[in-house]
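**Q** Next one to model:
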Amino acid sequence: MSLKAVAFFLILIGVAALLISSPEHRVSGGRLSPVAVASIRNGKTTRFQVRALLGAPRYAERQQPIRQIAGADPLPAKFTATEIWTYMSTNPKGANSSDYQVVVYFDERGTVLDCEAGKLGL
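**A** Numbers count the residues shown, from 1 in each chain. This next block holds a predicted model:
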């Protein structure tokens, strides 16, 4: 093996090691980032747009929504949503304070009612 080939091989191994040890987050949906989550707008963003932004959710559940009673205080989105998607981000080195989840609530038309993001509790 020539010296050039050995040098190329060592550089290739070094780049691979840097990529593997990167502090990037592994995500259930593939593209979870604060910038993407911040672009989700209640009453405007659709289910298709959320999937394009964040990828497929880790969990997706459908539920029968509770209807809002006229004149009563508004119910939280988790009760009035017809569909709930959950995304999770975990640090590859194990659970720590940078692990978080995003929960997106959709109405019957597929429009975002609410989007909650926060750290995962341990």
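**Q** Quick one: name whatever helix or strand follows the helix-or-strand element of the chain with minimal mean pLDDT.
**A** One helix or strand of the chain scores below all others by mean pLDDT, DSSP states H and E: strand 26-27, with a mean of 44. For strand 26-27, the following helix or strand on the C-terminal side (DSSP states H and E) is helix 34-38.
**Q** That next one packs against which elements?
**A** Secondary-structure packing of helix 34-38 (3 or more Cβ pairs under 8 Å, 6 or more residues apart in numbering; DSSP states H and E): helix 47-54, strand 112-119. (Glycine included, C-beta is placed from N, CA and C.)
**Q** Which of the residues in it are classified as buried?
**A** Neighbour-count burial for helix 34-38 flags 36, 37 (criterion: 16 or more other Cβ atoms under 10 Å).
**Q** can you list contacts of that helix?
**A** With contacts defined as Cβ atoms under 8 Å, 6 or more residues apart in numbering, helix 34-38 is touched by 53, 54, 102, 115, 117.
**Q** In JSON lines: those, plus neighbour count, distance to residue 74 and pLDDT.
**A** As requested, those are exported to JSON lines (neighbours: other Cβ atoms under 10 Å; distance: Cβ to Cβ, whole Å; pLDDT from 0 to 100):
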{"residue": "53", "neighbour count": "18", "distance to residue 74": "26", "pLDDT": "90"}
{"residue": "54", "neighbour count": "22", "distance to residue 74": "26", "pLDDT": "91"}
{"residue": "102", "neighbour count": "25", "distance to residue 74": "22", "pLDDT": "93"}
{"residue": "115", "neighbour count": "20", "distance to residue 74": "16", "pLDDT": "94"}
{"residue": "117", "neighbour count": "16", "distance to residue 74": "20", "pLDDT": "89"}
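**Q** Just the closest of the residues you listed to residue 42, please.
**A** Taking Cβ to Cβ as the measure, residue 115 is the one of those closest to residue 42, at 6.9 Å.
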